[in-house]
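# Predicted structure and sequence below. I'll ask about it afterward.
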Amino acid sequence: MASHRVLRNGRSTQMASDELEEISKPPSPPTVVFGRRTNSGRFISYSREDLDSELGSVDFSNSNYHVLFPMTPDNQPMDPVISAKVEEQYVSNSLFTGGFNNVTRAHVMDKVIDSDAGHDNPQMAGTKESTCAIPGCDSKLMGDQSGNVILPCECDFRICRECFIDAVKTGGRVCPGCKEPYKTTEWEELESKANGAISLQPLPSAVPEMETKNPLNKSLTRTKTQVGEFDHNRWLFETKGTYGYGNVIWPDENDDGNGNGGGHGQPKELVGKPWRPLTRKLKIPPAVLSPYRLLVFIRLVVLILFLWWRITHQNPDAIWLWGMSVVCELWFAFSWLLDQLPKLCPVNRSVDLAVLKEKFETPNAKNPRGKSDLPGIDVFVSTADPEKEPVLVTANTILSILAADYPVEKLSCYVSDDGGALLTFEAMAEAASFANLWVPFCRKHDIEPRNPESYFNLKRDPYKNKIQPDFVKDRRRVKREYDEFKVRVNSLPDSIRRRSDAYHAREEIKAMKSQRENAGDDPVEAVKIPKATWMADGSHWPGTWINPSPDHSRGGHSGIMQVMLKPPSEEPLYGNNDEDELLDFAEVDIRLPLLVYVSREKRPGYDHNKKAGAMNALVRASAIMSNGPFILNLDCDHYIYNSKALREGMCFMMDRGGDRICYVQFPQRFEGIDPSDRYANHNTVFFDVNMRALDGLQGPVYVGTGCLFRRIALYGFDPPRSKEHHLGWCSCCLPRKRKKSSAAVASEETQALRMGGIDEEDMIFSTFPKKFGNSNFLIDSIPVAEFQGRPLADHPSIKHGRPPGALTIPRQLLDATTVAEAVSVISCWYEEKTEWGQRVGWIYGSVTEDVVTGYRMHNRGWRSVYCVTKRDAFRGTAPINLTDRLHQVLRWATGSVEIFFSRNNAIFASPKMKLLQRIAYLNVGIYPFTSFFLIVYCFLPALSLFSGQFIVQTLNVTFLTYLLIITLTLCMLAVLEVKWSGIELEEWWRNEQFWVVGGTSAHLAAVLQGLLKVIAGIEISFTLTSKSAGDDIDDEYADLYIVRWTSLMIPPITIMILNLIAIAVGVGRTIYSVIPQWSKLLGGVFFSFWVLAHLYPFAKGLMGRRGRTPTIVYVWSGLIAITISLLWVAIDPQSANSQIGGSFTFP
């Protein structure tokens, strides 16, 4: 509870007048501390309970106490609007810290970064308010009684009250900015004030913008009299308005002026239009899908017949070889079936952004001004280690989010720094500073992509389709500024280190001086002071220090929260056309979305649950600060490549039936991959085949990034109307409705909170503290998020919608109480005795928390959608190095094994999950176990060649026919998948190759680690995948050729060497044998080449760049070859008289 917490401010309370400032000066003891009333009406002060916990048994007779002055004629309260803005400015300039057994403190940041690049940004944290643009004058701008800034000239030149009076009286009534005279009406209005006070009306320059939004306002602006009053008679005459029953009847716009227009009606802007959907489902053409399903059926029948033939026709000459091969083939058939069945109902989808704009951002009867009625989106960006995840990459991701094409006031960005590093903090501050230039530049020239690093490295013509004449000049200026920005960010590690060393030396000198003064003539010992990390304003960094110490280490530090960019104003804010400005943003909205830096509290002895815990901390903090009903989570290296991606995802959420969608998953696209895609890093078969197919069922799985969530689904609620829907097998076969009388009893893991609706029970708020924690702010935000996330009630079938125009109301400004509450919910103790991580938020207990979280939502009856945009929505980086790629696959496979041995196994899924969706999730947990059978099958050709036997007794026509049909149907299925998914055949082959590489290396290790965790309880730890590039800056793919040894390489190397030796042994034996067995040789050599062809990318990766193969690779290859040769000689020694070619004895 924020009202019961202590907020200690690093400054004196801000007052509205000089009288209050005089009163606020504390007299001599006992000290007086004033309660400060926030925008929410709460007082922030010291309470006796807080003093009890902090001071223990101290005598309170001389302690601080609390005085609240009553309202008198001499002590009037500040205007609520002004006080709220003052409070918000204080919040944006303060660094909030707190946590378990710690007082929440607000440290005023006079300086966030060393550079002064961001001091022109009124939203930037640690900067001053907008000041007068006259050189040498730093006074505040004029404002009305509501605190709104007044700019007296249409050029929006910033000027204070004193400078304006000088310009009017002594400057010839000329604006100092545009050198044009002020309006006569404004001068007469000033002269009419008898007391000489300056009071201006809102600018008429905002009228043209209003007219573009709503043409109805044209007549309203023209009908004002010279004194600014509304001329009602003139309005009736110009608009031909007449009085109807209780309202104005608008004339038909087709009226010719003589009353022959066909009667009265509503203007075109307010006439209801036919309802149109926001999305469409595009089914795969039957000419492609029907043969695809037929081939699946044919191959399944052939597989059954083949396996039956294999079981009934044994090989008595090598029964052990036959038995191993049959067992492996049975498992491969089962695994193929699990993978193939969910692919029977693939779909494609499309969105209509024009309809979205028409419904939510076009003037209508409920929204005359055309303000955005779209719901808010909170974007989460997670990072943990600035060394493995470069801060420049994270900063570019933040810039792409801030520049996204979405209503500024509805967009918020939260950066989770799980490492608590000052380097990340100052890099985000630099990004917020550079955003003041980059974001308006993107809006002005419609830049794509809006990641500056990617944009300036584009290989296409940057001037194509750019029609504005100043684009070339603007681009060059922004490019220079970005280069300087990169220099500042890249130099931050050295800058922080030098700054910390300087402050540390100063502290040591002070300590030694003080010690000498106190010691006198006694000998002085060397002073040891912990080497702290210092911020730019000369104070200690509350997070992780470069030299860790207690309370300042990676696993133990306070919670930190800093509002980098405060919430924007509701109305557009346009730039100026000054010569001092870098670019001309006179017609560009320069507002920036809310940007918040968050580093959750960490303490030794607590399980912080890695990324899942960090995400849940952001969910709680964002619910208190912005409470966007939708959440987009991105990795620090995944940036927004399509600025309209958020709108496309919102089309699914706001469409009819969208309230049952828990998340919209976007495909992952990657940059920096080698052209041949050696290790299948693009993973197109999964993202373009499997995920499209799952979209035809209950929806795609959650893959960890690029996912737009419904906040209420993350809270563990059931979807609305869950009793009315029985999902059946899939969306295209046997859909049914469940009888209302039947009620399935869900397990403890699938029980969820009921969502309040028209025909359903209301939310049971009494149980919320046990589920969500004891924060009333968080609990109160839940029904608000649920309501704001509903689609518009603009269709009779939408029974659970919200009225149009409900989200056009401005949101409340931030105050210190709100931020202090947000700090408290990111503490390490908050989740104790709650359901966070169990049924609420991201689910704990697995390395792949993303798959488990999506599974829980589908298990409650939610459905998801796969959104494939024409222009890639997001792009990121992937490890092209072999070792990093294997470790990435190892982490995924280990998470799947954990899922298989947990309660999240799809075998225990609830009846709300479709059958084919359950099979897909079952395959997610089973696929790593294929590694056992795959490794055995890869050794079988070599064993066959060594022994001179084969898996069948003879290569007869039946065996070859089955083999040919199975191979041909597999190839035909691949061609049809390429046809309906849009991938290339080469990508399909690369996926097959890496399936063998991963199955013989990482998947086997994952199964072993999973078994160790289940049997022995040994926890599994992983390191972050490095996002940094190779050392060779001249070669974009230098990291591809770096070979780092790992034990995961041993099984594939063994398989390759064994098959190569076996081929040589088999050929030699057959050539020199008295009766050559060519059929068995051909069978063994064919399957050996099949194995080697799939392992070719792995072998090529081991070679590295020419001349750079590690020595250990040759050492292991020689040792394995010698070991295998000696082992075979021991197993099958040759007789003394077995000589081939005279005296030569073949082994």
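Yep, that arrived.

# any chance you could map the strands in the stretch 751-900 of the chain?
Secondary structure of the stretch 751-900 of the chain (DSSP state E, counting those that start in this stretch): strands located at 863-866, 874-877.

# Please identify the most buried of those.
Burial of the strands of the stretch 751-900 of the chain is given as mean neighbour count (mean count of other C-beta atoms under 10 Å); strand 863-866 ranks first at a mean of 24. Just so you know, the C-beta spots here come from the backbone N, C-alpha and C atoms, and that holds for glycine as well.

# Quick check: neighbours of that strand in the sheet, parallel or antiparallel?
strand 661-665 (parallel) (DSSP bridges).

# hmm, who's touching the next helix or strand after the partner strand?
Downstream of strand 661-665, the first helix or strand assigned by DSSP states H and E is strand 669-671. By C-beta atoms under 8 Å, 6 or more residues apart in numbering, the residues outside strand 669-671 that reach it are S454, Y641, N681, H682, D872, A873, F874, R875, G876, T877, A878.

# mind redoing it with 7 Å?
Strand 669-671 is contacted from outside by N681, H682, D872, F874, R875, G876, T877, A878, using C-beta atoms under 7 Å, 6 or more residues apart in numbering.

# Repeat that for stretch 991-1011.
679-680, 685, 886, 889-890, 893-894, 897-898, 901, 928-931, 934-935, 938, 1020, 1048-1049, 1051-1052, 1055, 1094-1098.

# and the end-to-end length of that stretch?
27 Å (C-alpha to C-alpha, to the nearest Å).

# Strand 661-665 and the helix or strand harbouring R647, what's the angle between them?
Secondary structure assigned from DSSP H and E places R647 in helix 645-654. Per axes from the mean of the first three to the mean of the last three C-alpha atoms, to 10 degrees, the angle that helix 645-654 makes with strand 661-665 is 150 degrees.

# Just the C-alphas of helix 645-654, formatted as PDB.
Output of helix 645-654 as PDB, limited to C-alpha atoms (Å, rounded to 0.1, in the frame of the first residue of the first chain):
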ATOM      1  CA  ALA A 645       2.900  -3.500 -36.800                       C
ATOM      2  CA  LEU A 646       1.200  -2.500 -33.500                       C
ATOM      3  CA  ARG A 647      -1.800  -1.400 -35.500                       C
ATOM      4  CA  GLU A 648      -2.000  -4.700 -37.400                       C
ATOM      5  CA  GLY A 649      -1.900  -6.600 -34.200                       C
ATOM      6  CA  MET A 650      -4.600  -4.400 -32.700                       C
ATOM      7  CA  CYS A 651      -6.900  -5.300 -35.600                       C
ATOM      8  CA  PHE A 652      -7.200  -8.800 -34.300                       C
ATOM      9  CA  MET A 653      -7.800  -7.700 -30.700                       C
ATOM     10  CA  MET A 654     -10.400  -5.200 -31.600                       C
END
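
# Any idea how far that helix is from the middle of the chain?
Relative to its chain's centre, helix 645-654 lies at 15 Å (C-alpha atoms, centre = their mean, to the nearest Å).

# Stretch 1055-1074 too?
Mean-position distance between stretch 1055-1074 and its chain equals 53 Å (C-alpha atoms, centre = their mean).

# With stretch 315-328 instead?
Offset of stretch 315-328 from its chain centre (C-alpha atoms, centre = their mean): 50 Å.

# for it, which positions count as buried?
For stretch 315-328, a neighbour-count test (16 or more other C-beta atoms under 10 Å) marks N315, A318, L321, W322, M324, S325, V326, C328 as buried.

# how about these in CSV, adding pLDDT?
Listed next are the buried residues of stretch 315-328 as CSV, based on pLDDT from 0 to 100:
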residue, pLDDT
N315, 86
A318, 85
L321, 89
W322, 91
M324, 92
S325, 92
V326, 93
C328, 94
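
# As JSON lines, the residues you listed with secondary structure and distance to H107 would be great.
Shown next, in JSON lines, are the buried residues of stretch 315-328 (DSSP: H, G, I helix; E, B strand; the rest coil; distance: C-beta to C-beta, whole Å):
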{"residue": "N315", "secondary structure": "coil", "distance to H107": "78"}
{"residue": "A318", "secondary structure": "helix", "distance to H107": "77"}
{"residue": "L321", "secondary structure": "helix", "distance to H107": "73"}
{"residue": "W322", "secondary structure": "helix", "distance to H107": "75"}
{"residue": "M324", "secondary structure": "helix", "distance to H107": "68"}
{"residue": "S325", "secondary structure": "helix", "distance to H107": "69"}
{"residue": "V326", "secondary structure": "helix", "distance to H107": "70"}
{"residue": "C328", "secondary structure": "helix", "distance to H107": "64"}
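
# For K366, state which of those is nearest.
Ranked by distance to K366 (C-beta to C-beta), these are led by C328 at 64.9 Å.

# so the closest one makes contact with Y937?
Yes - with contact defined as C-beta atoms under 7 Å, C328 reaches Y937; the gap is 4.5 Å.

# want to try a markdown table for the strands of the stretch 751-900 of the chain, with distance to I966 and mean pLDDT as columns?
Listed next are the strands of the stretch 751-900 of the chain as a markdown table, based on distance: least, C-beta to C-beta, whole Å; pLDDT from 0 to 100:
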| stretch | distance to I966 | mean pLDDT |
| --- | --- | --- |
| strand 863-866 | 30 | 95 |
| strand 874-877 | 37 | 92 |
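
# how about the ones you listed in TSV, adding distance to M654?
Conversion of the strands of the stretch 751-900 of the chain to TSV gives the following (distance: least, C-beta to C-beta, whole Å):
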stretch	distance to M654
strand 863-866	12
strand 874-877	20
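
# Of those, which is nearest V391?
V391 sits nearest to strand 874-877 of all the strands of the stretch 751-900 of the chain, at 14.4 Å, using C-beta to C-beta.

# The closest one packs against which elements?
The contact analysis (3 or more C-beta pairs under 7 Å, 6 or more residues apart in numbering; DSSP states H and E) places strand 874-877 against strand 639-640, strand 669-671.

# follow-up on the earlier one: quick one: mark the members of the contacts of stretch 991-1011 that sit in helices.
If you go by DSSP state H, the contacts of stretch 991-1011 have 685, 886, 889-890, 893-894, 897-898, 930-931, 934-935, 938, 1051-1052, 1055, 1094, 1096-1098 in helices.

# Mind checking which of the residues you listed are buried?
Buried, going by 16+ other C-beta under 10 Å: 685, 886, 889-890, 893-894, 897-898, 930-931, 934-935, 938, 1051-1052, 1055, 1094, 1097-1098, out of the ones in helices among the contacts of stretch 991-1011.

# show me where the stretch 301-450 of the chain has helices.
319-340, 353-360, 391-402, 422-445 (DSSP state H, counting those that start in this stretch).

# Any stretches of the stretch 951-1100 of the chain with poor pLDDT?
1020-1036, 1074 (pLDDT under 70).

# now the helices: where do they sit in it?
Under DSSP H, counting those that start in this stretch, the stretch 951-1100 of the chain gives helices at 957-981, 985-999, 1002-1016, 1050-1072, 1078-1094, 1096-1103.

# now those helices as a markdown table including distance to D551?
Shown next, in a markdown table, are the helices of the stretch 951-1100 of the chain (distance: least, C-beta to C-beta, whole Å):
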| stretch | distance to D551 |
| --- | --- |
| helix 957-981 | 53 |
| helix 985-999 | 42 |
| helix 1002-1016 | 32 |
| helix 1050-1072 | 43 |
| helix 1078-1094 | 53 |
| helix 1096-1103 | 44 |
